[in-house]
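Visitor: Sequence and predicted model, in that order:
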Amino acid sequence: MTELLGEQDIASRLDDSPWRREGDEIVRGWQLENFADAMAFVNRVADLAEEANHHPDILVHGWNKVRLSLTNHSAGGLTEADFAMAAKIDQLG
(Lines give C-alpha, C1' and ligand atoms only; values in the text may rest on other atoms or scores of the structure.)
Protein backbone atom coordinates (compact mmCIF):
# COMPACT_ATOMS: atom_id res chain seq x y z
CA MET A 1 0.00 0.00 0.00
CA THR A 2 1.13 3.55 -0.70
CA GLU A 3 2.16 5.61 2.31
CA LEU A 4 0.01 8.57 3.32
CA LEU A 5 1.69 11.96 3.48
CA GLY A 6 1.85 13.84 6.78
CA GLU A 7 0.07 17.12 7.41
CA GLN A 8 3.24 19.24 7.18
CA ASP A 9 4.32 17.56 3.97
CA ILE A 10 0.91 18.17 2.39
CA ALA A 11 0.89 21.81 3.50
CA SER A 12 4.37 22.45 2.14
CA ARG A 13 3.48 20.87 -1.23
CA LEU A 14 0.48 23.17 -1.51
CA ASP A 15 2.49 26.35 -0.85
CA ASP A 16 2.42 28.47 -4.03
CA SER A 17 0.28 25.83 -5.74
CA PRO A 18 -2.94 26.36 -7.68
CA TRP A 19 -4.26 23.22 -5.97
CA ARG A 20 -6.01 23.49 -2.61
CA ARG A 21 -6.91 20.95 -0.01
CA GLU A 22 -10.46 19.87 0.69
CA GLY A 23 -10.46 17.15 3.31
CA ASP A 24 -8.54 14.14 2.00
CA GLU A 25 -8.36 15.55 -1.54
CA ILE A 26 -6.53 18.20 -3.48
CA VAL A 27 -8.68 20.10 -5.96
CA ARG A 28 -8.21 22.59 -8.74
CA GLY A 29 -10.54 24.31 -11.19
CA TRP A 30 -10.08 25.60 -14.72
CA GLN A 31 -12.17 27.93 -16.84
CA LEU A 32 -11.59 27.33 -20.53
CA GLU A 33 -12.65 29.28 -23.61
CA ASN A 34 -15.57 27.03 -24.55
CA PHE A 35 -17.13 23.60 -24.16
CA ALA A 36 -14.94 22.01 -26.84
CA ASP A 37 -11.78 23.25 -25.09
CA ALA A 38 -13.07 21.92 -21.75
CA MET A 39 -13.68 18.49 -23.25
CA ALA A 40 -10.30 18.46 -25.00
CA PHE A 41 -8.64 19.30 -21.67
CA VAL A 42 -10.54 16.48 -19.94
CA ASN A 43 -9.38 14.06 -22.63
CA ARG A 44 -5.75 15.12 -22.14
CA VAL A 45 -6.15 14.60 -18.38
CA ALA A 46 -7.66 11.17 -19.07
CA ASP A 47 -4.65 10.19 -21.18
CA LEU A 48 -2.27 11.21 -18.37
CA ALA A 49 -4.37 9.38 -15.80
CA GLU A 50 -4.34 6.18 -17.82
CA GLU A 51 -0.56 6.36 -18.25
CA ALA A 52 -0.09 6.88 -14.50
CA ASN A 53 -2.89 4.51 -13.45
CA HIS A 54 -4.05 7.26 -11.10
CA HIS A 55 -7.42 8.76 -11.95
CA PRO A 56 -8.84 12.06 -10.72
CA ASP A 57 -12.50 12.72 -10.18
CA ILE A 58 -13.54 15.01 -13.04
CA LEU A 59 -16.44 17.45 -13.01
CA VAL A 60 -17.39 19.42 -16.12
CA HIS A 61 -19.82 22.15 -15.15
CA GLY A 62 -21.26 25.22 -16.72
CA TRP A 63 -20.23 25.09 -20.33
CA ASN A 64 -16.51 25.69 -19.95
CA LYS A 65 -15.42 24.80 -16.42
CA VAL A 66 -13.54 21.74 -15.21
CA ARG A 67 -12.85 20.73 -11.61
CA LEU A 68 -10.41 17.95 -10.77
CA SER A 69 -10.06 16.18 -7.42
CA LEU A 70 -7.19 13.88 -6.51
CA THR A 71 -6.85 11.44 -3.64
CA ASN A 72 -5.62 7.90 -3.19
CA HIS A 73 -8.78 5.97 -2.36
CA SER A 74 -7.00 2.68 -1.61
CA ALA A 75 -4.59 4.42 0.81
CA GLY A 76 -7.36 6.53 2.37
CA GLY A 77 -5.90 9.98 1.73
CA LEU A 78 -3.17 11.96 0.03
CA THR A 79 0.01 10.30 -1.22
CA GLU A 80 2.96 11.14 -3.41
CA ALA A 81 0.98 9.80 -6.39
CA ASP A 82 -1.60 12.58 -5.99
CA PHE A 83 0.98 15.34 -6.11
CA ALA A 84 2.85 13.67 -8.97
CA MET A 85 -0.40 13.49 -10.95
CA ALA A 86 -1.22 17.13 -10.10
CA ALA A 87 2.21 18.19 -11.42
CA LYS A 88 1.61 16.32 -14.68
CA ILE A 89 -1.80 17.95 -15.06
CA ASP A 90 -0.30 21.39 -14.36
CA GLN A 91 2.02 20.89 -17.35
CA LEU A 92 -1.01 20.70 -19.65
CA GLY A 93 -1.40 24.45 -19.30
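Guide: Okay, I see it. Numbering: from 1, shown residues only.

Visitor: Residue 21: how many residues sit nearby?
Guide: Residues within reach of residue 21, counting by other C-beta atoms under 10 Å, total 15. Quick note: C-beta positions are derived from backbone N, CA and C, even for glycine.

Visitor: Who is it paired with across the strands?
Guide: On the basis of DSSP bridges, residue 21 is bridged to residue 26.

Visitor: who does the lengthiest helix in the chain touch, helix- and strand-wise?
Guide: As assigned by DSSP state H, the longest helix anywhere in the chain is helix 35-52. Using 3 or more C-beta pairs under 8 Å, 6 or more residues apart in numbering; DSSP states H and E, the elements in contact with helix 35-52 are strand 57-61, strand 65-70, helix 80-90.

Visitor: What lies in contact with that helix?
Guide: Residues outside helix 35-52 that contact it (C-beta atoms under 8 Å, 6 or more residues apart in numbering): 30, 32, 55-56, 58, 60, 63-66, 68, 81, 84-85, 88-89, 92.

Visitor: And it, what's buried?
Guide: Using 16 or more other C-beta atoms under 10 Å as the test for burial, helix 35-52 gives 38, 41, 42, 45, 48, 49.

Visitor: what angle separates that helix from strand 65-70?
Guide: Using axes from the mean of the first three to the mean of the last three C-alpha atoms, to 10 degrees, the inter-axis angle of helix 35-52 relative to strand 65-70 is 20 degrees.
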